[in-house]
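>>> Sharing a model prediction with you, sequence too.
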Amino acid sequence: MEGAKTESSKGTKFPWSNYTLKLSSGEPVSTTRYVLYAVQIAAVIILSYLSVAIIPASYAGISFFYFVYPFFLVFTMWWGAWGMLGAYVGCVIGAGILVGIGPVPSIVYSISDLVPPLFAFVLYRGLLANRGYDPLWRDLTDKEVAGVKTKRLGAWFWFVIINGVILNIISAEIGVGVQYEFGLVSPGGFWPFWIGWALGDAVAMVIITPVLVKGLTSLVERQGLVNHGWIT
């Protein structure tokens with residue numbers, strides 16, 4: 001049988017079973033962690049701006065290769081609500097206000113960057129983790145995690161379907177739809193930019209996410225910096 005195997009009869013759990021949807025692990029947030037969360041928010045702001053400012057096909061805060069997308073997804077898998085905050089604030093400031101979109105449209109359309117990490121976090125920690133899929137996505141690149149065989153084919157299937165298709169469609173609908181309502185996207189430009197948004201995010205996600213996971217996730221976990229819950 002394919003997949004991460006547990007000896008349930010002996011009470012063995014998946015090595016990622018301590019990553020849950022609890023509010024916190026019961027530990028206070030240290031000053032070091034607050035600094036870390038602030039740094040990642042600043043990084044996402046910068047990457048959000050660059051994603052829509054230096055890509056030639058970008059328009060009105062829309063990029064055809066939104067390379068910040070995998071960063072805030074991975075940050076959310078590590079740091080829960082803090083990663084989601086970074087995704088939202090990053091879009092409001094970096095992909096909104098700094099590229100000339102007004103504060104009100106930026107605040108509304110940036111919900112499009114909050115939805116994917118929020119739902120991904122809930123689905124992976126609340127559902128897929130209990131079915132043998134690593135909520136930190138190491139099963140995208142590793143054959144084993146802490147001695148447990150991973151479901152690599154299934155991991156890629158759900159990763160692409162959930163993050164690259166379903167959540168991307170919702171994100172594009174919110175983002176381009178809001179900008180259309182505010183007059184930032186012309187009627188003739190709605191579908192081209194909708195398609196560009198969805199495909200640009202998906203391509204960036206597939207290319208960059210495995211690199212981030214392979215290079216950094218295990219290191220972050222070894223340092224004890226992965227949140228066990230939403231907050232800590």
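Received it, and whenever you're ready, just let me know what you need.

>>> Every contact and neighbour count from this point should use C-alpha atoms.
OK.

>>> which residues of the chain fall in strands?
For the chain, strands defined by DSSP state E occupy the ranges 144-145, 148-149.

>>> Let me see the confidence value for the residue nearest in space to the middle of the chain.
Ranked by distance to the mean C-alpha position of the chain (CA atoms, centre = their mean), the top residue is residue 73 at 1.3 Å. Residue 73 carries a pLDDT score of 98 in this model.

>>> and the residue lying closest to it once chain neighbours are set aside, how many neighbours?
Nearest residue to residue 73 in three dimensions, chain neighbours excluded: residue 117, at 5.3 Å (CA to CA, 6 or more residues apart in numbering). Neighbour count for residue 117, taken as other CA atoms under 10 Å: 28.

>>> quick one: residue 117 and residue 70 touch, right?
No - the pair residue 117 / residue 70 is not scored as a contact, 9.6 Å apart, by CA atoms under 8 Å.

>>> Distance of residue 218 relative to residue 163?
To residue 163, residue 218 is 21 Å away according to CA to CA, to the nearest Å.

>>> Also residue 34?
Distance check for residue 34 against residue 163: by CA to CA, it reads 27 Å.

>>> low pLDDT regions in this structure?
Counting by pLDDT under 70, the chain contains low-confidence ranges at 1-12, 56-60.

>>> mind listing what the residue lying closest to residue 138 once chain neighbours are set aside touches?
Nearest residue to residue 138, sequence neighbours excluded (CA to CA, 6+ apart): residue 213, at 6.2 Å. The contact partners of residue 213, taken as CA atoms under 8 Å, 6 or more residues apart in numbering, are 74, 136-138, 141.

>>> now the residues you listed as JSON lines including neighbour count?
As requested, those are arranged in JSON lines below (neighbours: other CA atoms under 10 Å):
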{"residue": "74", "neighbour count": "24"}
{"residue": "136", "neighbour count": "23"}
{"residue": "137", "neighbour count": "21"}
{"residue": "138", "neighbour count": "21"}
{"residue": "141", "neighbour count": "16"}
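
>>> Return the subset of those residues lying in helices.
Secondary structure assignment by DSSP state H places residue 74 of the contacts of residue 213 in helices.
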